[in-house]
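> fold the stuff below for me.
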Amino acid sequence: MTRKLGVNTWVWTSPLTDQGLAELAPRIAGWGFDVIELPVENPGDWDPQRATKLLDALGLSASVVLVMGEGRELVATDRGTVAATRDYLRHVVDVAAVVGSPVIAGPAYASVGRTWRMDAAERRDRYAELRDGLAPVVEHAMAADVSVAIEPLNRYETSLINTVEQALEAIEGLPPAGCGLALDVYHMNIEERDVPAAIRRASGRIAHVQVCANDRGAPGADHLDWPGIVAAIDAAEYKGPLVIESFTAENETIATAASIWRPLASSQDAIATEGVAFLKGVVR
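Numbers count the residues shown, from 1 in each chain. I've put the predicted structure just below:
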């Protein structure tokens, strides 16, 4: 198969706006990407109908990522917060359906940066709580032909789901058609002892894959075993795109959240252009 390649607009801007997308999308298409990844930080930041027309004209597909900022929680919180978080996630599903994204991907369980110590019993309870919290969102997603892709994050960004094994346990019993895993090589490089083996472990439940260098720079400018990673993705029968996710240091909030303290390439454009050139060589 010919693997589609994408890039997240967070490489350049946050939050995404209609104007920002109109400026970025033609450049992204011109660099040879197939997919543009669109974050929904807050409802109304950008217009999905307008985005659809723009991407259709450029021959780009869309993927959508959710954002678990402060106050968005599905576990260890009050009922009102769970209800509001579900409403937000259902909105992201609706956006994905409009722009034609098959997934909404991200840590749809707790706000990024929220950590606490758990024993094994509490962890089991929190995973059960998560399944209960996610179930109505997954049902809504399936009705829209969208999948909720749960992303394990590294230990500094969450204490709830760090590995493929934990993620599979957390979503066990939720329908595979509506709920899978989003694998991010950056986090996997920190948390998995064997990244290709972890990818193979997720076979049948991979709904989305994000890629970057081990330092969040351009794929290939790093120590990662990209042939092994891509071979494992192929063996796991994941058919979707590989999407470069990195971040701009220009936005203080996102730079702090993602710990972007220095330039990761000669320019933000270089993360995309050098990354897509490298990935094309690996996947094709």
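
> CA atoms for contacts and neighbours, from now on please.
Noted.

> what about stretch 234-243, start to end distance?
Distance between the two ends of stretch 234-243: 15 Å, counting by CA to CA, to the nearest Å.

> how far does that stretch sit from its chain's centre?
On the basis of CA atoms, centre = their mean, to the nearest Å, stretch 234-243 is displaced by 14 Å from the centre of the chain it belongs to.

> again, but for stretch 244-262
Taking CA atoms, centre = their mean, the mean C-alpha location of stretch 244-262 is offset from the chain mean by 15 Å.

> and it, what's its mean pLDDT?
The average pLDDT for stretch 244-262 rounds to 85.

> try stretch 141-148
Across stretch 141-148, pLDDT averages out at 98.

> now do it: everything it contacts.
With CA atoms under 8 Å, 6 or more residues apart in numbering as the contact definition, stretch 141-148 has outside contacts at 90, 93-94, 96-97, 101-105, 138, 177-181, 207.

> repeat that for stretch 223-233.
Stretch 223-233 is contacted by residues 189, 195-197, 199-200, 213-214, 220, 282-283 when judged by CA under 8 Å, 6+ apart.

> re the thing from before, which of the contacts of stretch 141-148 count as buried?
With burial judged by 16 or more other CA atoms under 10 Å, the buried subset of the contacts of stretch 141-148 is 90, 93-94, 96-97, 101-105, 138, 177-181, 207.

> quick one: which of those residues sit in helices?
Judged by DSSP state H, helices contain the following of the buried ones among the contacts of stretch 141-148: 90, 93-94, 96-97, 138.

> tell me the one of these nearest residue 8?
Nearest to residue 8, judged by CA to CA, of those is residue 96 at 14.5 Å.

> which one is that closest one nearest to, not counting chain neighbours?
Computed as CA to CA, 6 or more residues apart in numbering, the closest residue to residue 96 that is not its neighbour in sequence is residue 64, at 5.9 Å.

> I'd guess that neighbour is in a helix, am I close?
No. Assignment of residue 64 by DSSP: H, G, I helix; E, B strand; the rest coil gives strand, placing it outside any helix.

> could you confirm residue 87 falls within a strand?
No. The assignment for residue 87 by three-state DSSP gives helix, which leaves it out of any strand.

> which stretches of the stretch 1-150 of the chain form strands?
5-8, 35-40, 61-66, 103-106, 147-150 (DSSP state E, counting those that start in this stretch).

> re the thing from before, give the contact list for the residue nearest to residue 96.
37-40, 92, 96, 101, 103-105.

> could you rerun that using 7 Å?
37-39, 96, 101, 103-105 (CA atoms under 7 Å, 6 or more residues apart in numbering).

> nearest to residue 15 among those?
Nearest to residue 15, judged by CA to CA, of the contacts of residue 64 is residue 39 at 7.8 Å.

> from residue 90, how far out is the closest one?
According to CA to CA, residue 39 stands 14 Å off from residue 90.

> please apply the same query to residue 102.
Going from residue 102 to residue 90 by CA to CA gives 14 Å.

> quick check: buried residues in stretch 233-247?
233-234, 236, 238-247.

> next step: those residues restricted to helices.
Residues of these located in helices (DSSP H): 233-234.

> which pair of the buried residues of stretch 233-247 spans the longest distance?
For the buried residues of stretch 233-247, the maximum inter-member distance is 27.7 Å, found between 236 and 247 (CA to CA).

> distance check, residue 200 against residue 219.
20 Å.

> between those two, who's got more neighbours?
Each of residue 200 and residue 219 has its neighbours counted (other CA atoms under 10 Å); residue 219 has more, 25 against 19.

> output the lowest mean pLDDT helix or strand found in the chain.
When each helix and strand of the chain is scored by mean pLDDT, DSSP states H and E, helix 252-257 comes last, with a mean of 81.

> any buried residues in that helix, and which?
For helix 252-257, the neighbour count (16+ other CA under 10 Å) marks 254-255 as buried.

> can you check stretch 98-117 too?
Buried-residue list, stretch 98-117, by 16+ other CA under 10 Å: 98-113.

> same question for stretch 44-62.
Residues of stretch 44-62 classed as buried by neighbour count (16+ other CA under 10 Å): 46, 48, 51-52, 54-55, 58, 60-62.
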